[in-house]
Each structure stands twice: as C-alpha cells, then as structure tokens.
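J.: could you work out the structure for the sequence below:
(2 chains)
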Amino acid sequence: MLTYNVPTLFLDAYEDTKLIVRSDDVNRLVASLSNAHADRIVTIQARSLAADPEALLKAPRTVPVDVVVGEPGAEYENIYRYSEVARKHPVRVSVRVFPGFGKVVKLAASLNFPVKLEIGELDRDLAAEIVESLDYYLHSSTLGQPIEFFHSVLLGFYHNHPLTLWQVMEEDPAELRFVTDEGKLVLSERLAAVEPGADPSTYIDELRGELLAEKGECSLCRFFKNCGGYFRAADRKFRCDDVKRIFQTLRNAAKELKHDYAQLVTSEERPRA
Amino acid sequence: MTGSHLSLILLPTLRCNADCEYCFENKTSDTLSIDRLTLLASRFLDHMEENDIRELTIYWQGGEVLTIAPDFYMRARDVIDREARSRTKTVKHRIQSNLIGYGKKWNGVIAEMFDNRLGSSLDFPNLYRKVRGGSPASFNRMWIRKFREARDSGIDVSVISIPNEETLARGAEAFYTYYADEVGLRSFQINTPFPGGAPHASKMRLPLPTDRLASFFLDLLNIWLERGYEQGIRIGPFDELIDYFLTGNPGLPCIWHNSCAGEFVCIDPRGFVSQCDCWVASYPAFRFGNIFEAASLTEILRSDARRRIKERPIRLIQLGECIDCTYLSVCHGGCPIRAYSVHSKLEAKDPYCETYQALFKSLDNIAVKIARSRSAC
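T.: As a prediction, the model looks like this:
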C-alpha cells in the first residue's frame, strides 16, 4: 500500500493509503489522531519547533513523531522539549542540510533520537559539514541511535546488500508520495518541480536507465547502485565528488568493521589457555 | 510528565535527629499524617492515570525518615498500594536514612517495603555530620555500629559520600581504604557538594576546586579499577558511567539527566511540590505549588517554576553553552540546584563541569579498554 505525506488539511482526501500527516501546529496533529482515518496514520510530522509539543502527551494513541528541523535559526534547542514526548511516542529528528545543521544533529543524537539528514542542494561547505557529521556518526562513543543516510548505507556495504538512497531517504515513489500544501501530488518534497511521468512508481527505474544510457559519470560510478541517481534527479549537472567521498568513507568503515568482527570471532574460537 | 515511569522524592517529615552543618534543608517539625498521605497518594496517582504513567518509585527521604514510627510506613504502604492497585499502577519504595534511629524494630519494614535495601550517608573524613551536641567523630562511630547491626540483619546498605576539602587533602587511597576496607562497604556513591540552603561557614568554600576534585576522582578511579571493580565493589558514578560507555545504558545519576524535571518530583510533609529536596525545603520561590491546595498535580506541574527548571538545558544551548561539548549526551549542563546554589541563577552550567568532563573522558577511554580486553579473553 502506498504512503502519502499529506498536510492535516487533506487528511480525508486519500483513502485506502497509509498516511504521514504533517503540520506546523502540534494541536492539529493531535486532533488528526482522533480523525476517522486515524488508524491509517503511520507517522505524524511536526514541522515547527516554535510551539511546546506537550499536547502530544495527551494524544489518543502512540504514533511515531518525525520532528522536521527545516532552516537555520529554527530554535533547534527546543528539540529538548521532545525528550518528554519520547516517553509516549517514538521520536525521530529529520534535519534539512543547511549551514550549521551539524549542531542540530549533535543535539538530537545527544537526546538519543534517531536522526535523518535531508539533503537538498549541496555545496562544498555543506558537504564539509556532512563529513563532520559522518565523523561524529562513525566515531562518537556516546552515539546510541542511527544517523541516516549514513547508517543504512554503512549496513548496506557491510552486508553487501545496498539500499539505494531513494529507499533510505524515504523518497521512493513506488512506496511514498508527497502532497504539497496546495494539494498537488508530486514525487517528493525535494522533487516537487520534477515531472513524475505517467506512472510515478517507475520513475526511478526510468531515471536510472537514462543516466546509464548517457554513458557519463553515473555509468562508471562504483556507488551508482547505492545512489541510484538520487542527486541527479534534481539536477542533471550535479557534481558528485563530495558524495562519492562520503560513500567511500562509509565503505572503508564497513570494511574495517568487518575486519574487526572477523578478528573477534577468530579470537573467540581460539582455544583458551 | 508522561511516560512509563516517574520518581517521587517524598519527605514524610522535615524533622531530623542530626545537626549536620552543611545540610541544605531548612528543617521544621512538620510530619505527614496518614490522612494527608492518603490524599497525597490519591492525587499523585490521579496524575499518573491522567498522564498514562504506569510505574512509580517513591524515594522516602527526610528530614530523617526513621524519626517516624515503623508502623507509619506499613500503613503508608497499605494506603499507597491500595490506591495504586485500583488504578493498575506499580509502586516501588526506596529509603534514605542517616541510620541514627535504626534498630531491630525497623527490620520488618525495611524487608517488606524496601526490599531489604537502605541508602545512607557517610563522609570521609567527616567534618560536618553530627548529632546535636555531638562531634563528627562520634557520629561516624555511631553510624558504623548501626551499619553493622543493619548489615548483620541482612540489610543491604549503600552509602552516599560528600567529599570536602579535607577529603581532597587526604587523597583517594585513604578514601578508598576507609570505605571499602575499614567500613566494609560494597557500594558507595560520591556526590559533589554544593552550598544549597541557608548560608553556613561550612559552605563558604564550596564548590570545591574543580581541578583538585577531578584529580581526586581520577586517582580513586584507578584505585577502584585495580582493587574493587573486578571484585564487585560498586562506586557511583564510576560504574554507571562505564556501563553507559560500554552499553549505552542511560541509568546515570539524576544530575546528568536531560530533563530531571521530566522524571522526578518532590513533595514535602506540608504538601509543597518542587524539583527535589533542596528546592522544596530551602527555595520557596521554586515551589511548583501545594498538592493539598491545588486542583491537581497535573496543574501544579504546569507552574512557571517547573518550566524554568525543565527548560534550563534549552537556555544553556541558547547561551552557547554545552553544544560543542563531546559529552553533551551524558550531562546536559548538569544539576540545576548545583548551578543555582553557586551562581544564583538557573541559566548556568553545573559548577563541576570541568570535573565531570575529566571524569567522562577518562571513563570513556577505560570503557574502550574494558571492551577490548573482554573481546581478547
């Protein structure tokens, strides 16, 4: 069954689908959980940190809460208020990659929330900041929850079973669609301006086919099966150097982890004195 | 305040049979009656029901809890258990006592209500704990006698120790030897001292110098690792921190919780509600309300005073504090009462920040070594 990400306003418009319901207003999100379609809501998405989320504590049922931190100066320190919400609902923090987003990642992870990076346009400075967050993900001794997309990509390398960024970033149109605030159905929030074609569920396969047929960078890229053209969907001229470096770091880390684990197993099998 | 668990620090009396110079509580003769306790329990459990909180741990503290007759506790337990059962809630009880009033008449209550466990306090060297008219030395002698009686009765006694300037001068070796070898404790916890409550000469030199306290902690840590860790002796917060760095278990002391206001509440015998015993007994401006006067505990917990304590970590980040710290996830700016009692404002870091950072870094490294040695065995 498809999942639609809809504003609370359009909650009743999509029947026979699972729903991610979003709003800037926590009270509206709580109200949506009393709606006739509430049993189809799989996640609620809080898109503002300005208001106290206390109302979520009185929600009629437990549902995953995705807190989206969308812009610099978004009062990200208010994420602390969700530590109490987390006693009732599983909480994840989705962080748009903007200058300074690393502090949001750090605070959310410090509160033991899973984190998801949402990458839009990417320049060298932002790429450098992603690398800093990657280092934190790989080496912090206090991290207890995944930071996506790092975590799933790392596991993909570790198990030789890659998930594409489309899946990791929850943007695969075969599974999930986005309804804009104006009610327009689009591929995803990031790709709102991209024409989805007759059947959006085949969009990624078609894109991949086109990118490989171009016989350009993608056709030679060792990380294409991990990426699947995720960045070039929005911008065909996207420079992939920084992304490749991130993938390479994750690949090396997975290799190191595998090596360490193999050594551990060997030492455990060794006869003890 | 919602979730599966809540902790209540309940002060059934503010009366005390000791006269410790550095005490942060403003003592009175107020004591909770069973009638008032019944009302308190009912309102507290109403709040739990309203907010879907399933489990409660009550920390019975004073004043001094053993100045009330044992029968009070058995009746209190019956009242609380009855109220809890009717709402399908679970309640556990813990007790903290100075042991002065301990005798065999307490064994039944401690076994039945408190799982045969009791928390107490003992300093080395003792400069400030004493009974009225007595000396610190006579206090420790009496305490050790009572401790041995309790231990011989099968009670598991754990201890909180508050270091002072003389503790630092004598050093970690003497400290460890005293608790582990001379007294024979298997579990003790070190709390950092702070000048809470009414001014007193004993509080003038607080906080302790953070660098000297850090050195003391690190020396003690090394001694414990060498002589106590493998032998099952527990020293808080070392063992909790090792567990945290090894497994991610968040069971750290309350001073390092991301929101102590979300997890603890304290009520004194007059019904005043606040964050913890020091706040409720000595800082009236930070009381959240009175459980016997307000419509509900839920309403009391919406007070401005509680909101200020709850949002302190937010203010610290806004002030540019803590966000760049490697150990933000462990500490979150530390303890509000320690910050307030030293800086006279909430929006400040715990005065022992430097000490904690040294401790975290050291235990982080030790956890790595322990993990490596376990995997190499």
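J.: low-confidence ranges in the stretch 101-250 of chain A?
T.: Under the criterion pLDDT under 70, no range of the stretch 101-250 of chain A is flagged.
J.: which parts of it sit against chain B?
T.: A:103, A:106, A:107, A:109, A:110, A:111, A:112, A:140, A:141, A:142, A:143, A:144 (Cβ under 8 Å from any Cβ of the partner chain). Yep, even glycine has a C-beta here, placed from its N, CA and C like the rest.
J.: how does it look with 6 Å?
T.: Residues of the stretch 101-250 of chain A that fall close to chain B, judged by Cβ under 6 Å from any Cβ of the partner chain: A:103, A:110, A:111, A:141, A:142, A:144.
J.: in this structure the fourth one contacts residue B:364, no?
T.: In this case it means residue A:141. Yes - proximity of residue A:141 to residue B:364 meets the contact threshold set by Cβ atoms under 6 Å, at 5.2 Å.
J.: residue B:64: how many residues sit nearby?
T.: Residue B:64 has 20 neighbours, counted by other Cβ atoms under 10 Å in any protein chain shown.
J.: then residue A:77?
T.: Using other Cβ under 10 Å: residue A:77 sits among 21 other residues.
J.: again with residue A:237
T.: Each residue near residue A:237 was counted by other Cβ under 10 Å, and the total is 5.
J.: wait, is it part of a helix?
T.: No - applying DSSP: H, G, I helix; E, B strand; the rest coil, one finds residue A:237 to be coil, outside a helix.
J.: for it, grab phi and psi.
T.: phi -100, psi 10 (degrees, to the nearest 10).
J.: so which of the residues of the stretch 101-250 of chain A next to chain B is the most crowded?
T.: Of these, with other Cβ under 10 Å as the count, residue A:110 tops at 26 neighbours.
J.: for the residue nearest to residue B:171 when sequence neighbours are not counted, grab the count of nearby residues.
T.: Sequence neighbours aside, residue B:219 is the residue nearest to residue B:171 in space, at 6.7 Å (criterion: Cβ to Cβ, 6 or more residues apart in numbering or on different chains). Neighbour count of residue B:219, defined by other Cβ under 10 Å: 15.
J.: so how far is residue B:291 from the residue of the stretch 51-200 of chain A found nearest chain B?
T.: Nearest residue of the stretch 51-200 of chain A to chain B (Cβ to the nearest Cβ) works out as residue A:87 at 2.4 Å. Computed as Cβ to Cβ, to the nearest Å, the residue A:87 to residue B:291 distance reads 22 Å.
J.: settle it for me: which of the two has more neighbours?
T.: The neighbour comparison of residue A:87 against residue B:291 (other Cβ under 10 Å) goes to residue B:291, with 23 against 19.
J.: how near is that one to chain A?
T.: Using Cβ to the nearest Cβ, to the nearest Å, we find residue B:291 at a distance of 20 Å from chain A.
J.: so what pLDDT did that residue get?
T.: Note for residue B:291: predicted pLDDT of 98.
J.: check whether it really touches residue B:271, as I assumed.
T.: Yes - Residue B:291 is within contact range of residue B:271, at 4.7 Å (criterion: Cβ under 6 Å).
J.: any stretches of chain B with poor pLDDT?
T.: For chain B, the ranges with pLDDT under 70 are B:1-3, B:376-377.
J.: could you tell me which residues of it lie near chain A?
T.: So chain B meets chain A at B:2-3, B:245, B:248, B:258-259, B:262, B:313-314, B:317-318, B:323, B:328-329, B:364, B:375 (Cβ under 6 Å from any Cβ).
J.: among these, which lie within helices?
T.: B:245, B:262, B:313, B:314, B:317, B:318, B:328, B:329, B:364, B:375 (DSSP state H).
J.: now, of those residues, which are buried?
T.: For these, a neighbour count by 16 or more other Cβ atoms under 10 Å in any protein chain shown gives the buried set as B:245, B:262, B:313, B:314, B:317, B:328, B:329, B:364.
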